[in-house]
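**Q** based on what follows, work out the 3D shape:
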Amino acid sequence: MKPVYLLAAGALLAGAALTNLATAAEPTVVAPVAATDAQLKTGPLQTAVFAGGCFWGVEAVFEHVAGVRSVRSGYAGGAAITAHYEVVGSGLTGHAESVEVKYDPAMVSYGTLLRVFFSVAHNPTELNHQGPDSGSQYRSTIFAQTPEQAKLARAYIAQLGAAKVWPGKIVTTIEAGKTFYPAEAYHQNFLKLNPDYPYIVINDAPKLVAFKARLPKLWSEKAVG
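**A** Numbers count the residues shown, from 1 in each chain. So this is what the prediction gives:
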């Protein structure tokens, strides 16, 4: 995402984006149900971590998934000492802007979270790039928290590739054993707290429009957080 002072000029575009959100957004698809998935079962909350460009929009998407209990923006892939916005922005830390998703395994499966991630949260065919943002910190990555998550993610990526759901090759990587570090407080719930912010209007609000339209059975009208 761009620093605030660079986005000031974007305010001039906000009105047009509000008029026609679809033309301003990254493409979205309706990815199929995961053929290989974890069964729904009662138990403690589970954790998933995804990276798909600016964390503001990805966070907002997962906040509307039925069965998700909390979402935090943060950084994963690098060391604790470099898990700070100004440093991560250099693209040299190994971190990616990420979101930590806590979900009820009795209500939503990991495969369903993958489906949302690959349908409307970001464009998985863009390498180190999402919307107006470029750099490895905006890469498409699944930070698997368990061996099972890594297995399910690999299977789903293969399923999407075989079905040619996206017109280009999926470049999403799977990284295991990486710690998630929460981002600064001002990044949390950013879309919800700043719905008229130009970057949000142009790049992230359309993701919610697409989510509700494309995957209505997975959509929760009330966002968590």
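**Q** can you list the buried residues in the biggest helix by length in the chain?
**A** With secondary structure taken from DSSP state H, the chain has its longest helix at helix 147-163. Across helix 147-163, burial judged by 16 or more other CB atoms under 10 Å covers 149, 150, 152, 153, 155, 156, 157, 159, 160. C-betas here are computed from N, CA, C, even on glycine.
**Q** that helix - what's its average pLDDT?
**A** Mean pLDDT, computed over helix 147-163, is 98.
**Q** pull the CA atoms of that helix into PDB?
**A** C-alpha atoms of helix 147-163 as PDB (Å, rounded to 0.1, in the frame of the first residue of the first chain):
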ATOM      1  CA  PRO A 147       1.500 -30.100   8.000                       C
ATOM      2  CA  GLU A 148      -2.200 -30.700   7.200                       C
ATOM      3  CA  GLN A 149      -2.700 -27.100   6.100                       C
ATOM      4  CA  ALA A 150       0.300 -27.300   3.800                       C
ATOM      5  CA  LYS A 151      -1.100 -30.600   2.300                       C
ATOM      6  CA  LEU A 152      -4.500 -29.100   1.800                       C
ATOM      7  CA  ALA A 153      -3.100 -25.900   0.300                       C
ATOM      8  CA  ARG A 154      -1.000 -27.900  -2.200                       C
ATOM      9  CA  ALA A 155      -3.900 -30.000  -3.200                       C
ATOM     10  CA  TYR A 156      -6.200 -27.000  -3.700                       C
ATOM     11  CA  ILE A 157      -3.600 -25.100  -5.800                       C
ATOM     12  CA  ALA A 158      -3.300 -28.200  -8.000                       C
ATOM     13  CA  GLN A 159      -7.100 -28.500  -8.200                       C
ATOM     14  CA  LEU A 160      -7.400 -24.800  -9.300                       C
ATOM     15  CA  GLY A 161      -4.600 -25.200 -11.800                       C
ATOM     16  CA  ALA A 162      -6.200 -28.300 -13.400                       C
ATOM     17  CA  ALA A 163      -9.600 -26.600 -13.600                       C
END
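**Q** residues making contact with that helix?
**A** 31-32, 34-38, 48, 110-111, 114-115, 118, 142, 144, 166, 169-170, 172, 174, 176 (CB atoms under 8 Å, 6 or more residues apart in numbering).
**Q** mark which of those residues are buried, thanks.
**A** Buried subset of the contacts of helix 147-163 (neighbour count, 16+ other CB under 10 Å): 31, 34, 37-38, 48, 110-111, 114-115, 118, 142, 144, 166, 170, 172.
**Q** that concludes my questions; thank you for your assistance.
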